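Asks: Show me how the following folds:
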Amino acid sequence: MHRRTKIIATLGPATDDPAVMRDLINAGVDVVRINFSHGAADQHRKRVQMLREITEQLGREVGVLGDLQGPKIRIDQFVEGSIELDEGDTFVLDASLDPAKGTRERVGIAYKDLVKDVQTGDRLMLDDGRLVLQVGEVTGTEIRTHVVVGGVLSNNKGINRQGGGLSAVSISEKDRADIKLAAEVGVDYLAVSFVRSAADVKLARELARTAGCQAGIVSKIERAEAMDVIDDIIAASDAVMIARGDLGVEIGDAELPAAQKHLINKSRRMNRIVITATQMMESMINNSIPTRAEVFDVANAVLDGTDVVMLSGETAVGHYPVQVVESMSRICIEAEKQRTARQSQHRINEPFEFIDEAIAMATMYAANHLGVRAIAALTESGSTALWMSRISSGIPIYALTRHVQTRRKVTLYRGVYPAAFNTMGASHAHVNKEAVEVLLENGVVQDGDLVIITKGDLKGVGGGTNAMKIARVGGLIDPEEENA
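Replies: Below you'll find the model as predicted:
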């Protein structure tokens, strides 16, 4: 069974061995993530270069997601590397303190404007909410707090304000430099951290295009205020990432499951890709098998309709990067066997705006009701395959395209598989025959099976899909006979 849900694996020290990278790809990684928050530019260049070399050897297409760091809303460093805070302790966040001089009484902050954003009574969540500080007084460069929930606090941990509301810009100066690096290495998607509005997404797209980067823009939903304008953010994006760490801290853990379901459902309705991320199988950083809770977490995301599930530290620094991908893949496949993962009411009562969109919807309706085994979507931009992927189904969709950028872009689309295909100048009968040959070569059909082929009258024109052909494998007109 083809796995429909896609897997992103974050690259890092644990994947720098070419043998490990090869095993990751063979285990089923669809997209790799370059985390610009960690590592130097040369490390990122080498990792992408190694990926491209190995995928070419294996004949696979694997996309690359570049993840921008965003504003550094975090504490600085301690002299001893870490401290322990007890409930009731007084602790100062000091914007004027030397970044390396933190003590048990106070620590510096990388985000200097925090003193302008908080007020007495606010709760600050540190280290993904593991420690909680309540603001007692803000004077000058100091935020004086008392510890509500204590614990060990180490260098560079993140800070969130409960309920959101921090004014830090989404795209920092470092991000602007990393966008140029993303263009240089040729990422297929660019993730923007701490998005607050559609304007943040549009700015990222503008900066990327100016740098020569044609990547799709992924909005990371991790701020409470983003949920208030989520329709605008999704509409401006190519994909959204449910970044459950920071989002859970800001809106509260209890509200997070409902928010995840809401974001998945809304993104699919708006024809956007949705990625579920953060701590999906975190125990496998150190353990060779997942916890039962992690199994349920991944499976439920699949049943909710997520396009993609993402691994972070599990593959970047974990001891079992290949095993975690294999485990996640097995869980996705089993979840996809459930009937609810194959049924859809998507846009059943809504009008269509474009001809190729109508063809895509008609194709999926026919395929789901006619026993079609596979779909071959001839595409320039990937749009037809994207629309098809919004319909829950167990039928594999092959995006046949001559453009390598499009083949890499569809690696995030649920149930869509890229294939190189170039028949410019060929007759329709020849195109049909070659499309079916792709399905045969991939082992998804055999003689007698029904397939659907979608294409346009004008080859090489983006958005030109205007035809759907239902054919039986082995029953197509031979191109030579057509020309006789």
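Asks: which regions of the stretch 51-200 of the chain sit below the pLDDT cut-off?
Replies: Residues of the stretch 51-200 of the chain meeting the criterion pLDDT under 70: none.
Asks: Do you know the pLDDT at the spatially most central residue of the chain?
Replies: Centroid-nearest residue in the chain: residue 275, 4.1 Å away (criterion: Cα atoms, centre = their mean). What the model reports for residue 275 is a pLDDT of 98.
Asks: wait, what's in contact with it?
Replies: Residue 275 makes contacts with 8, 218, 239-242, 306-310, 412, as judged by Cβ atoms under 8 Å, 6 or more residues apart in numbering. Placement of C-beta: from N, CA and C, glycine included.
Asks: Where strands are concerned, which of those count?
Replies: Within the contacts of residue 275, residues falling in strands by DSSP state E are 8, 218, 239-242, 308-310.
Asks: ok, back up a step: the residue nearest to the centre of the chain: helix or strand, and which one exactly?
Replies: For residue 275, the host element (DSSP states H and E) is strand 273-277.
Asks: Counting by contacts, list what the helix or strand that that strand is followed by packs against.
Replies: Using DSSP H and E, the helix or strand that directly follows strand 273-277 along the chain is helix 292-304. Here helix 292-304 touches helix 256-269, strand 308-311, helix 321-336, going by 3 or more Cβ pairs under 8 Å, 6 or more residues apart in numbering; DSSP states H and E.
Asks: And the average pLDDT for helix 292-304 is what?
Replies: Across helix 292-304, the average pLDDT comes to 97.
Asks: and the residue lying closest to residue 212 once chain neighbours are set aside, what does it touch?
Replies: Nearest non-adjacent residue to residue 212, counting by Cβ to Cβ, 6 or more residues apart in numbering: residue 183, 4.7 Å away. The contact partners of residue 183, taken as Cβ under 8 Å, 6+ apart, are 208, 211-213.
Asks: Now do residue 183 against residue 48, distance only.
Replies: 12 Å (Cβ to Cβ, to the nearest Å).
Asks: How about residue 59?
Replies: According to Cβ to Cβ, residue 59 stands 18 Å off from residue 48.
Asks: ok, now residue 163?
Replies: In terms of Cβ to Cβ, residue 163 sits 38 Å off from residue 48.
Asks: ditto for residue 191
Replies: Taken as Cβ to Cβ, the span from residue 191 to residue 48 is 15 Å.
Asks: on that earlier part again, more neighbours: which of residue 163 and residue 48?
Replies: Higher neighbour count among residue 163 and residue 48: residue 48, with 21 against 12, using other Cβ atoms under 10 Å.
Asks: shouldn't the more buried one be in contact with residue 33?
Replies: No. The criterion here is Cβ atoms under 8 Å, and residue 48 misses it with residue 33 at 11.1 Å.
Asks: picking that back up, just the buried residues of the helix or strand hosting the residue nearest to residue 212, please?
Replies: Per DSSP H and E, residue 183 falls inside helix 173-185. Applying a neighbour-count criterion of 16 or more other Cβ atoms under 10 Å, the buried positions in helix 173-185 are 175, 178-179, 181-183, 185.
Asks: Include distance to residue 451 when you put those into JSON lines, please.
Replies: Conversion of the buried residues of helix 173-185 to JSON lines gives the following (distance: Cβ to Cβ, whole Å):
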{"residue": "175", "distance to residue 451": "45"}
{"residue": "178", "distance to residue 451": "43"}
{"residue": "179", "distance to residue 451": "41"}
{"residue": "181", "distance to residue 451": "42"}
{"residue": "182", "distance to residue 451": "38"}
{"residue": "183", "distance to residue 451": "38"}
{"residue": "185", "distance to residue 451": "37"}
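Asks: Closest one to residue 136 out of the residues you listed, please.
Replies: Nearest to residue 136 among those: residue 175, at 33.3 Å, using Cβ to Cβ.
Asks: residues contacting that closest one?
Replies: Neighbour list for residue 175: 36, 68-70, 192-193 [criterion: Cβ under 8 Å, 6+ apart].
Asks: at 10 Å instead, please
Replies: By Cβ atoms under 10 Å, 6 or more residues apart in numbering, the contact list for residue 175 reads 36, 68-71, 169, 182, 190, 192-193, 204, 207.
Asks: Give the PyMOL command for selecting the buried subset of these.
Replies: To isolate the buried subset of these in PyMOL, counting by 16+ other Cβ under 10 Å, use the following:
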select buried, resi 36+68+69+70+71+182+190+192+193+204+207
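Asks: so of the contacts of residue 175, which ones are in helices?
Replies: Assigned to helices by DSSP state H, the following of the contacts of residue 175 qualify: 182, 204, 207.
Asks: of all those residues, which comes closest to residue 365?
Replies: residue 204 (35.7 Å).
Asks: how close does the closest one sit to residue 189?
Replies: For residue 204, the distance to residue 189 - Cβ to Cβ - is 11 Å.
Asks: what do these two both touch?
Replies: Contacts common to residue 204 and residue 189, judged by Cβ under 10 Å, 6+ apart, are 215, 217-218.
Asks: Show me which of these is closest to residue 441.
Replies: residue 215 (29.5 Å).
Asks: Specify the beta-bridge partners of the residue lying closest to that closest one once chain neighbours are set aside.
Replies: Leaving aside its sequence neighbours, residue 215 sits nearest to residue 190 (Cβ to Cβ, 6+ apart; 4.3 Å). Judged by DSSP bridges, the bridge partners of residue 190 are residue 66, residue 217.
Asks: Likewise for residue 107?
Replies: residue 93.
Asks: my guess is it contacts residue 80, does it?
Replies: No. Using Cβ atoms under 10 Å, residue 107 makes no contact with residue 80, being 11.3 Å away.
Asks: got any residues that touch both of these two?
Replies: Shared contacts of residue 107 and residue 80 (Cβ under 10 Å, 6+ apart): residue 155.
Asks: Tell me which residues of the helix or strand residue 55 falls within come out buried.
Replies: Secondary structure from DSSP H and E places residue 55 in helix 41-58. The neighbour-count check on helix 41-58 (16+ other Cβ under 10 Å) flags 44, 47-48, 50-51, 54-55 as buried.
Asks: Please produce TSV containing those residues, extended by distance to residue 259.
Replies: Formatted as TSV, the buried residues of helix 41-58 follow (distance: Cβ to Cβ, whole Å):
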residue	distance to residue 259
44	31
47	32
48	32
50	37
51	32
54	37
55	35
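Asks: Poorly predicted segments of the stretch 301-450 of the chain, please.
Replies: Low-confidence segments of the stretch 301-450 of the chain (pLDDT under 70): 341-350, 425.
Asks: any idea where the helices of it begin and end?
Replies: In the stretch 301-450 of the chain, the helices defined using DSSP state H, counting those that start in this stretch lie at 313-316, 321-336, 355-370, 383-389, 404-409, 428-441.
Asks: nearest to residue 98, of those helices?
Replies: Nearest to residue 98, of all those, is helix 313-316, at 29.3 Å by Cβ to Cβ.
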